[in-house]
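Trainee: structure of the sequence below:
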Amino acid sequence: MKSIISTPGAPAAIGPYSQAVEAGGFIFISGQLPVDPATGNITGTDAAGQTEAVLKNIEAILKSRGLTPDSVVKTTVFMTDLKEFQNMNEVYARFFAKNPPARATIEVKALPKAALVEIEAVAVSAYAPLTR
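Mentor: Alright, predicted model coming up:
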């Protein structure tokens, strides 16, 4: 069973997908672009500014379920230019200051709306003790 997550605090989906889906104690957040949810326009002119906007959108989705960035266990960062990795990483490190999640970073040829950065995330929505 799954629950679809949609909040006005993050950009509406621009295709046949959901902002996020909750299933099996996890929240799967679709790739977020640096889009202002009020205007639908890209915000930030560089990788750092766009990373900030993307992470604010992820935070809005998490907050809609009463969660914080500490709940995130995995992210995938898509960038159009890995030469900007350090700029993205500085903003990312402030957002995930304590116990950062596992992460992959991938350079791609292009992103929707000509964005420079897109980030998807997986968060834990229900903590259960691990058993062996």
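
Trainee: now the protein, which segments are flagged as low pLDDT?
Mentor: Low-confidence segments of the chain, defined by pLDDT under 70, span residues 127-132.

Trainee: report the secondary structure state of the nearest residue to S18 once chain neighbours are set aside.
Mentor: The spatially closest residue to S18, leaving aside those adjacent along the chain, is I4, at 4.8 Å (C-beta to C-beta, 6 or more residues apart in numbering). (Glycine included, C-beta is placed from N, CA and C.) Under DSSP: H, G, I helix; E, B strand; the rest coil, I4 falls in the strand class.

Trainee: again with E22
Mentor: Classified using three-state DSSP, E22 is strand.

Trainee: same check, this time on K56
Mentor: In three-state terms, and counting by three-state DSSP, K56 is helix.

Trainee: over to L67?
Mentor: In the three-state summary, L67 is assigned as coil, counting by three-state DSSP.

Trainee: wait, it sits on S125?
Mentor: Yes - under the contact definition of C-beta atoms under 8 Å, L67 touches S125, with a separation of 6.7 Å.

Trainee: what do the two both touch?
Mentor: Contact with both L67 and S125 is made by residues I27, according to C-beta atoms under 8 Å, 6 or more residues apart in numbering.

Trainee: those two: which is more packed in?
Mentor: More crowded of L67 and S125, by other C-beta atoms under 10 Å: S125, with 19 against 16.

Trainee: and the more buried one, what does it touch?
Mentor: S125 sits next to 22, 25-27, 65, 67, 71 when contact means C-beta under 8 Å, 6+ apart.

Trainee: and what of V122?
Mentor: V122 makes contact with 26-29, 72-75, 101, according to C-beta under 8 Å, 6+ apart.

Trainee: follow-up on the earlier one: show the buried residues in the contacts of S125.
Mentor: Burial by neighbour count, judged by 16 or more other C-beta atoms under 10 Å, picks out 22, 26-27, 67, 71 from the contacts of S125.
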